[in-house]
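> Got a predicted structure here, sequence first:
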Amino acid sequence: MSKEAATCTVSMTETEILEEIATIRNKLGEKVFILGHHYQRDNIIRFADKTGDSFGLSKYVAENVKSPYIIFCGVHFMAETADILTDDSKTVILPDLGAGCTRADMATLYQVEKCWNILQKASSEKIIPVTYVNSAAEIKAFCGRHGGTVCTSANAEKILKWALNQGDKALFLPDQHLGRNTGYKMGIPLEKMSVYDPIEENGGASLEEYANSRIILWQGFCSVHMNFLPQNVDQMRKKYPDINILVHPECTFETVEKSDYNGSTSRIIKLIEEAPAGSKWAIGTEQHLVDRLKNEYPDKFIVSLAPFECQCATMYRIDPEHLLRSLVSLDNGEVINQISVPESIAIDAKTALDKMLEIS
Ligand code: 13P
Ligand code: SF4
């Protein structure tokens, strides 16, 4: 395909686009490696050399992949992590720069620094910042600079325990639900966890409340996982008394408390893989993953926990057309939509990521 044709994918049918992706993918061979997060649509996943959860993909690429060009079919913060963990010989590409994440955008460096100053005023106790890996690189860098680290939904408990051993309190960014669900699992009562809302004057709670908290939770959330409500669990159990409820820990505390299991996208897949034939599952996570599991395991009964489709609009921005444009540009010797984290941020962010790998 010529450079001109690459800008005219609009006139191609989906089948032609998929065929063209396969052809150019083949032609580029080991020059390119395609990563696909579990929430990507099937017509992207079929071209992925490796599928996985957010952190698993970046770790894999840093440790195993020799290809100079990495096309990350996921969202912006994931491509940033891949860039931070890989050396300068690798170029990370996000097929559509509009594939951001509303939750990651809920914590900016300016807001976090303001919060940090307020918390220092509230108490002289030592606070360790911990950010969920699903956050912007500058927030990871903040944690790296302040003796903190990063966690994933799989190791959050281990990391928060470490943080509370290092200091007296933890500031958990940017997903309040993962922080609250994990803190409660560790035995920290809800009244020992307060919320810092960057939109509110001084975070919305009193200095005394922050001083009395073990974990200060940033008021951030995933708009997809907020859709799974506790009443959906009740409705599901009423309809199918023997159903298993399996949710992502980005769901609210009330929903996670009512569920039978919770875990990262990789854990969700593993639990379904290992479940006996005939078992019933209602899953509270992004629709594309639920649908894929339903298709892959027809011997199990699988439904979404919500009564309507819960898709991630930004994940969905990565479509075959954008993947084709990334491949065509590489074939033409050009890189479009490279994700390159500035060195000044990447160094501190890597400190935080390396600390997590050391602890877990
Ligand atoms: P994991 O794949 O790490 O479980 O993350 C879920 C998510 O919301 C990614 O955007
Ligand atoms: Fe962000 Fe939620 Fe979409 Fe993941 S699923 S990219 S956390 S909005």
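Here it is on my side, so go on. Numbering: from 1, shown residues only. Ligands and ions are numbered 1, 2, ... in the order given.

> who are the neighbours in contact with the closest residue to ligand 2 within the stretch 1-150 of the chain?
For the stretch 1-150 of the chain, the nearest residue to ligand 2 under the criterion C-beta to the nearest ligand atom is Cys101, separated by 3.3 Å. The way it works is simple: take the backbone N, C-alpha and C, and place the C-beta from them, glycine included. Neighbour list for Cys101: 75-77, 134, 222, 314 [criterion: C-beta atoms under 8 Å, 6 or more residues apart in numbering].

> one more time with 6 Å, if that's ok
By C-beta atoms under 6 Å, 6 or more residues apart in numbering, the residues touching Cys101 are 75, 77, 314.

> quick one: the first one and Ala99 touch, right?
Yes: at 4.9 Å, Val75 and Ala99 qualify as touching, with contact defined as C-beta atoms under 6 Å.

> list the residues that contact both of those two?
Residues touching both Val75 and Ala99 (C-beta under 6 Å, 6+ apart): Thr314.

> how distant is stretch 209-228 from the center of its chain?
Here the centre of mass of C-alpha atoms in stretch 209-228, compared against the chain's by C-alpha atoms, centre = their mean, to the nearest Å, lies 16 Å away.

> Stretch 88-100 now?
In terms of C-alpha atoms, centre = their mean, the gap separating the centre of stretch 88-100 from the centre of its chain is 16 Å.

> Put the alpha carbons of it into PDB.
In PDB, the C-alpha atoms belonging to stretch 88-100 read as follows (Å, rounded to 0.1, in the frame of the first residue of the first chain):
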ATOM      1  CA  ASP A  88      16.200   3.300  23.500                       C
ATOM      2  CA  SER A  89      16.500   0.700  20.800                       C
ATOM      3  CA  LYS A  90      12.700   0.300  20.900                       C
ATOM      4  CA  THR A  91      10.000   2.600  19.600                       C
ATOM      5  CA  VAL A  92       6.600   2.400  21.100                       C
ATOM      6  CA  ILE A  93       3.600   3.300  19.000                       C
ATOM      7  CA  LEU A  94       0.000   3.900  20.000                       C
ATOM      8  CA  PRO A  95      -2.200   3.500  16.900                       C
ATOM      9  CA  ASP A  96      -4.600   6.300  17.900                       C
ATOM     10  CA  LEU A  97      -3.300   9.100  20.200                       C
ATOM     11  CA  GLY A  98      -6.900   9.700  21.300                       C
ATOM     12  CA  ALA A  99      -6.900   6.400  23.200                       C
ATOM     13  CA  GLY A 100      -6.400   7.900  26.600                       C
END
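
> contact partners of it?
69-72, 75-76, 79, 82-83, 314, 317-318, 322-323, 326, 335, 337-339.

> and the residue of the stretch 1-150 of the chain closest to ligand 2, that one's in a helix?
No: checked against DSSP: H, G, I helix; E, B strand; the rest coil, Cys101 lies outside a helix; its state is coil.

> Tell me who's in contact with the closest residue to it other than its chain neighbours.
Spatially, and ignoring its direct neighbours in sequence, Cys101 is nearest to Val75 (4.7 Å; C-beta to C-beta, 6 or more residues apart in numbering). Residues in contact with Val75 (C-beta under 6 Å, 6+ apart) are 99, 101, 314.

> change it to 10 Å
37, 39-40, 54, 94, 96, 98-104, 134, 312, 314-315, 317-318 (C-beta atoms under 10 Å, 6 or more residues apart in numbering).

> what about the protein, any weak spots by pLDDT?
1-10 (pLDDT under 70).

> And the strands in the stretch 51-200 of the chain?
Counting by DSSP state E, counting those that start in this stretch, the stretch 51-200 of the chain has strands at residues 69-73, 91-93, 127-132, 149-151, 169-173, 193-196.

> who wins for proximity to ligand 1 among those strands?
Checking those against ligand 1 by C-beta to the nearest ligand atom gives strand 127-132 as the closest, at 8.6 Å.

> between that closest one and strand 169-173, how big is the angle?
30 degrees (axes from the mean of the first three to the mean of the last three C-alpha atoms, to 10 degrees).

> List the strands paired with strand 127-132, with their directions.
In the sheet, strand 127-132 lines up against strand 149-151 (parallel), strand 169-173 (parallel) (DSSP bridges).

> for the longest one, the distance to its chain's centre please.
So that's strand 169-173. Distance, centroid of strand 169-173 to centroid of chain: 18 Å (C-alpha atoms, centre = their mean).

> One more: the first one?
In terms of C-alpha atoms, centre = their mean, the gap separating the centre of strand 149-151 from the centre of its chain is 13 Å.

> Around Val195, count how many other residues there are.
Val195 has 20 neighbours, counted by other C-beta atoms under 10 Å.
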